[in-house]
Structure formats: C-alpha cells, structure tokens
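**Student:** Sequence and predicted structure below; questions after.
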Amino acid sequence: LKGQMLLDGIQADFNAPQNLAKAYRDSASYTHKVDAFLQQKPVLPILPDLDEDFPLPSPNVVAKVLAQATNFSYCAGLVKHEPCSPVSDNGSFFREFSPMKRKLNYDVNFGSFGVEDGQFSEPAGICVTTDGLIAVTDTKNHRVQVFDEIGCLKLAFGVSGSNPGQMLYPNCIASCPVTGNFVITERTPVHQVQVYSSSGRFIRRFGQNLIQFPRGVTVDKNGNIIVVECKVMRVTIFDQLGNVIRTFCAPSIMSFPMDICVNDNHEIFIVDNRRHSVHVFDYNGNNLRSMCGNGTISFPISVSINVAGELVVTDNHQSFNMTFFNQNGELIRAFESRNRHLQCLASTVHGADKIFLATKDFRVYMYDCSKGK
C-alpha cells in the first residue's frame, strides 16, 4: 500500500487471498497484531494505491479477515470511516461487506392460505399494538386480523368495499401509541388512510386525493400519522384527524422506500430497498443522514425501533436477516434465519428482541433474537 501497511503479513499473502482467512485464523500473533493496530482507530488504506502490477485482494476477504480478528466491532468502525475511493465510491466494497451473523430458528408460526379466521390470502402488513398483540393486514381478503404472540386469533374486522367502514386491499398498518387506534393504508384503487379503534370500529378515512402509492405508515408519540410512498418518493405527515401538516419529496435521495418508523425526536427513518440503506429526515424534509449502506443490509424490507431504542432492519437477501443498529447506524448485532422463506413481505419488532415476519406462504413467523445475545 502507499503508506503504512495494515500488517506486514497481509502484504505477503495478498497474492493468495484465498489463504488469507486461514492464515489469520491459525496465527495468534497475527490476531494480536491486528487487535493492537485497530485499537488506534485508523482509517482503512485506499486499496487503489496499490502498485498496478500488484493483484488486488477481494474486499470481501479482507473484511472477513478483519472481522474474524476483531470480533467485528473494531472492523465495523473501521469500515465506517473508510475514505472515499474508486473502490468504495461505486459501493462494490460496501455491498460485499457483511457482519458475522448468528443463525436462528423461528419459535412460533401460524396461518395458512384461505378465507377462514386465522387464514390469509396476502399478509402484506404487520404491527404490534399498544396491548402487545400482533395485527396483520390480510390484503386480498380485505380485512385485518389480530393475534396474540402464539397465534391465537383475538379480533378480525373489515369487509370488502369502498364505503366508509369497508376496505379494499389494505396493505400497511400501524398502531397509534396515543389512542391505540389502528392506522391502515390501502393500495390501488383507493389510495387512502383509514383509522379504526382497537376493537375494530371504523373512525375515519382520508387522503384519497393526497397519496398515490402508500408503502409504509407509522404514528409518532403525538399521534401524527406519517406515510411514505414509493414511485413518487414522497412523505406526508397528517394529524390525527387527517389534516396535512407537511409533505415533502426526496427523489434524489430515495430510490424505492419500503417502510418507515419515527423516534421521539421527530426523526423519520425510511428503509430504501434499492439503495440498501436507511435515510433519516426531519419533519421539514431535511435529509439528516443516510446510513447502514456499507453492505450490512441488502434489499431491506422493514424498519422498526424496539423498546431499547435500537433500529431494527430486516431484509430478505439469501435468507431472512435481522440487523440491530443504534440510531446513528452503528451495528450492534446481526442474525439470520436458518429457514428459507418464499418471500418476506413485512416484519415488525415486539419488545426488544422478538421479530414477527409475514411471508408470501401465508404465514407469520416469530424469531427471538434474545437467544443470540
């Protein structure tokens, strides 16, 4: 490298990157040197500064070696502060960099295909209520079903139609922390927001001429309703009565928003499926930061904040992945399912560690991430 070498031993092994991981795993002296070096918190060297005749190692190999040597924590901080370079500018390094994940089996699953109680035709949205129940939008059956943690049905409401109190293709759902009401968005053809009480009684609907492609909904601590739309990359903030407080678009920042959540500081977190990252906005539409885009998540589908204040991002790349960050995007822990799911549609976090996942095989699964702590 042009400048200080990460380790003299690394340079000797660059010509055979496939042996790099084994060398570090087998050599305690290498591990101690890497630990000591990384304690200094340096930035990673710029890989393109290598001599042109010097074969470039696989970034994935380098990342995994450092992760093995440092239990990932120092490695994650190091990569986060890497200076811009031709390697990182196009995202190739970051997309290949992935955390070391613990594997989990699901603990609970319930549901099947059908129209009867407890069955689904498309469980497209899911949330946790203020009472700790699990609410699922059964999109093609035009209803919402509410379960306890082990899958016992507690409530079902909704009938097909476009009149007040009826539903057409409900897709996203959130629970209001102030009132306990359900806030539900509907996709084509109505494009609106509906509000129901915790017992399933219709309260109001709005937004039919204001939103077009609702993709995620959340409710803040004051009861304000925030909807994010794909295709038009728009965020709309409503009060509890459906009056628009503010709206903003961010097409230059977002590519395909999939889900949304909000913290108590009025920071809006939006997960971007195509940019493999989380964008953070204030209520005025200012982009405060974009994070988690260093390869720790790929094609994310959902974002939530747990009771510990951790940001929980899930994705469906190769397996079902559950990744916990602090609200500045620094990695805390990561998990992946041992089970392969047909297609992950939506997920939410219950308490600090339980992840509920709705899938295209008409089922809901629960993963308990406390087992991996």
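**Tutor:** Happy to help now that I have it.

**Student:** What is the burial count for Gln343?
**Tutor:** Residues lying near Gln343 (other C-beta atoms under 10 Å) number 9. Every residue, glycine included, has its C-beta placed from N, CA and C.

**Student:** ok, now His266?
**Tutor:** Using other C-beta under 10 Å, His266 has 16 other residues around it.

**Student:** Show the contacting residues for it.
**Tutor:** Asp220, Asp282, Tyr283 (C-beta atoms under 8 Å, 6 or more residues apart in numbering).

**Student:** State the distance from the first one to Ser319.
**Tutor:** I take that to be Asp220. 32 Å (C-beta to C-beta, to the nearest Å).

**Student:** so Arg215 sits in a strand?
**Tutor:** Yes - assessed with DSSP: H, G, I helix; E, B strand; the rest coil, Arg215 lies in a strand.

**Student:** Quick check: the gap between it and Ala250.
**Tutor:** Applying C-beta to C-beta, the value for Arg215 to Ala250 is 14 Å.

**Student:** Which one of these two is surrounded by more residues?
**Tutor:** Neighbours per residue (other C-beta under 10 Å) separate Arg215 from Ala250, with Arg215 holding more: 22 against 17.

**Student:** The more buried one and Met254 touch, don't they?
**Tutor:** No - counting by C-beta atoms under 8 Å, Arg215 does not reach Met254; the two are 10.3 Å apart.

**Student:** Scan the contacts of His266 and report the most crowded one.
**Tutor:** Asp220 (21 neighbours).

**Student:** Could you measure from the nearest residue to that residue once chain neighbours are set aside over to Ala346?
**Tutor:** Counting by C-beta to C-beta, 6 or more residues apart in numbering, Val262 is the residue found nearest to Asp220 once chain neighbours are left out, at 4.7 Å. Distance, Val262 to Ala346, by C-beta to C-beta: 17 Å.

**Student:** swap in Asn109?
**Tutor:** Distance from Asn109 to Ala346, by C-beta to C-beta: 15 Å.

**Student:** quick one, domains of this structure?
**Tutor:** Domains of the chain are assigned by automatic domain parsing as 8-97, 104-372.

**Student:** Lowest average confidence across these, which one?
**Tutor:** The weakest mean pLDDT among the domains of the chain belongs to domain 8-97, with a mean of 44.

**Student:** which residues does Cys261 contact?
**Tutor:** Thr218, Ile268, Phe269, Val303, Ser304, Ile305, Leu311.

**Student:** List just the nearest of those to Arg204.
**Tutor:** Among these, Thr218 lies closest to Arg204 (C-beta to C-beta), at 18.0 Å.

**Student:** helix or strand for that closest one, which one?
**Tutor:** Thr218 is part of strand 214-219 when elements are defined by DSSP states H and E.

**Student:** contacting residues around that strand?
**Tutor:** 171-178, 183-187, 191, 193, 225-230, 257-262, 270.

**Student:** Same check on stretch 144-160?
**Tutor:** Outside stretch 144-160, the residues that reach it (C-beta under 8 Å, 6+ apart) are 108-111, 117-118, 120, 129, 132-138, 142-143, 165-168, 170, 173, 182, 184, 196, 199-200, 350, 354, 364, 366.

**Student:** coming back round to it: pick the one among the contacts of Cys261 closest to Asn243.
**Tutor:** When the contacts of Cys261 are ranked by distance to Asn243 (C-beta to C-beta), Thr218 comes first, at 17.4 Å.

**Student:** Neighbours of that closest one, how many?
**Tutor:** Thr218 has 25 neighbours, counted by other C-beta under 10 Å.

**Student:** Sheet partners, orientation included, of the strand holding Thr218?
**Tutor:** Strand 214-219 pairs in its sheet with strand 225-229 (antiparallel), by DSSP bridges.

**Student:** Next, the angle from the next helix-or-strand element following the strand it pairs with to strand 225-229.
**Tutor:** Downstream of strand 225-229, the next assigned helix or strand under DSSP H and E is strand 234-238. In terms of direction (axes from the mean of the first three to the mean of the last three C-alpha atoms, to 10 degrees), strand 234-238 departs from strand 225-229 by 160 degrees.

**Student:** For Gly329, which residues are in contact?
**Tutor:** By C-beta under 8 Å, 6+ apart, the neighbours of Gly329 are Lys80, Val278, Arg289, Met291, Cys292, Leu311.

**Student:** which of these has the most neighbours?
**Tutor:** Greatest neighbour count in these, by other C-beta under 10 Å, goes to Leu311: 26 neighbours.

**Student:** and the nearest residue to that residue once chain neighbours are set aside, what is it in contact with?
**Tutor:** In this structure, Leu311 finds its nearest non-sequential neighbour in Phe325, 4.5 Å apart by C-beta to C-beta, 6+ apart. Going by C-beta under 8 Å, 6+ apart, Phe325 touches Val278, Met291, Cys292, Thr296, Glu310, Leu311, Val312, Val313, Leu331, Ile332.

**Student:** Can you name the helix or strand that the first one falls in?
**Tutor:** Right, the one you point to is Val278. In the assignment (DSSP H and E), Val278 maps to strand 277-281.

**Student:** Mind giving me the packing neighbours of the helix or strand following that strand?
**Tutor:** As assigned by DSSP H and E, the chain's next helix or strand after strand 277-281 is strand 287-291. Under the contact definition 3 or more C-beta pairs under 8 Å, 6 or more residues apart in numbering; DSSP states H and E, strand 287-291 sits against strand 277-281.

**Student:** what about the strand it packs on, distance to the chain center?
**Tutor:** Counting by C-alpha atoms, centre = their mean, to the nearest Å, strand 277-281 is centred 11 Å from the centre of its parent chain.
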